[in-house]
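*Asks:* Build me a model from this:
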Amino acid sequence: MSRTLTLTFLSLLFTSIICRSQYLRVTDSFDDNRNNWYQGESKGTTEHIRDGKLFISAENGWITTIKPYVAFEKDFTLQASIRQTGGVDNYGIGLAWGCHFNNNDRNYFVITSNGYYMAASGIEEAKTKSPGIGEWVVYKPIKPMGETNILRVEQRSGNLSFYINGDKVFTTRAFRWPGTEVGIIAFNKLSYEVDDFSFDQGGGKINLPVNLTKGFVKENLGPNINTNIDDLSPQISADGRSLYFGREYYEGNIGGVTDWEDFYISRLEGNQWSKAENLGTPINSNSTDNILA
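*Replies:* So this is what the prediction gives:
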């Protein structure tokens, strides 16, 4: 379902305040590479997308990530289906978040095909020992090599919960984010495939201020602004006559329908908003160009 922009009007005066709750939701079934995962070969490891899956053959460990917008203070859910197809069965494979490549730092939750799991925090937090963090734990319901395991990490109200195939196996305090990237991590020589990857920080909506003057009404801005895809993150210029917003996976984006987001502008002409236009290069590129409200 696409997200629709609404504004608030009082008569014909454009004096509204728009407060959008910040959020992110990324889902990937790997039918294409819209989230810009690495594809290629490096240091003996290969990574590519085909047949609706992300395939990785790691020679000596590997981490692959994407870099979405992240609100560090917000709760989140990170999940993926992972099937190990080859390699050793006593090294971990799983989810990573808060990844910082320059510092070789991240949080992760991994399992082994021979029936263990581990949740580990980043470098700084690991200096303070916490029960159950950074320790291998036996968990026999983990499915063996050749079968799919679904891993999930949920952060809610300052706590992290870890799930394997729908069952909660561990809960601890929330970890800080050393970096901004999320993805899949593996240790040692492993081959595996990933499907149904998702990172979710909750639904998005436009909120009216709690002390808003009475008499304001939400109004759909119509087809010059809204499309059948996601139009989001509105920003109003100081004079109230220019509307800037983001548009996701739209054919009019610089990179086409695989381009995650571009900036658009519409101008108030009399009492109507003009047809939104892509701001073009160099503001937009064929990759992700986020606008935040």
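*Asks:* for I111, helix, strand, or coil?
*Replies:* Counting by DSSP: H, G, I helix; E, B strand; the rest coil, the backbone at I111 sits in strand.
*Asks:* ok, what's across the strand from it?
*Replies:* When assigned by DSSP bridges, I111 has beta-bridge partners I93, Y117.
*Asks:* what about it, distance to D200?
*Replies:* Per C-beta to C-beta, to the nearest Å, I111 is found 21 Å from D200. (Each C-beta comes from the backbone N, C-alpha and C, glycine too.)
*Asks:* Compare the two and say which is more crowded by neighbours.
*Replies:* Higher neighbour count among I111 and D200: I111, with 25 against 16, using other C-beta atoms under 10 Å.
*Asks:* Which pLDDT value belongs to the more buried one?
*Replies:* For I111, the pLDDT comes out at 98.
*Asks:* That one and R25: what is the separation?
*Replies:* Taken as C-beta to C-beta, the span from I111 to R25 is 25 Å.
*Asks:* For R247, which residues count as its bridge partners?
*Replies:* According to DSSP bridges, beta-bridge pairing links R247 with D231, D262.
*Asks:* Looks like it contacts N253 (just checking).
*Replies:* Yes. Using C-beta atoms under 8 Å, R247 is in contact with N253, at 6.7 Å.
*Asks:* Overlap of the contact sets of those two?
*Replies:* E261, D262 (C-beta atoms under 8 Å, 6 or more residues apart in numbering).
*Asks:* for the stretch 101-250 of the chain, what spans make up the helices?
*Replies:* Counting by DSSP state H, counting those that start in this stretch, the stretch 101-250 of the chain has these helices, from start to end: 123-126.
*Asks:* which stretches of it form strands?
*Replies:* For the stretch 101-250 of the chain, the strands defined by DSSP state E, counting those that start in this stretch occupy 105-112, 116-120, 137-138, 148-156, 159-164, 167-173, 181-186, 190-200, 206-207, 217-220, 231-236, 242-247.
*Asks:* give me the number of residues near the closest residue to T227 other than its chain neighbours?
*Replies:* In space, and not counting its chain neighbours, T227 is closest to Y250: 6.5 Å by C-beta to C-beta, 6 or more residues apart in numbering. Look at Y250: counted by other C-beta under 10 Å, it has 21 neighbours.
*Asks:* Please apply the same query to L243.
*Replies:* For L243, using other C-beta under 10 Å, the count is 23.
*Asks:* returning to what we had before: Throw the strands of the stretch 101-250 of the chain into TSV and include distance to A58, thanks.
*Replies:* TSV is the format used below for the strands of the stretch 101-250 of the chain (distance: least, C-beta to C-beta, whole Å):
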stretch	distance to A58
strand 105-112	13
strand 116-120	17
strand 137-138	23
strand 148-156	17
strand 159-164	21
strand 167-173	24
strand 181-186	5
strand 190-200	5
strand 206-207	43
strand 217-220	49
strand 231-236	36
strand 242-247	35
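*Asks:* weakest of the ones you listed by average pLDDT?
*Replies:* Among the strands of the stretch 101-250 of the chain, strand 206-207 scores lowest, at a mean of 53.
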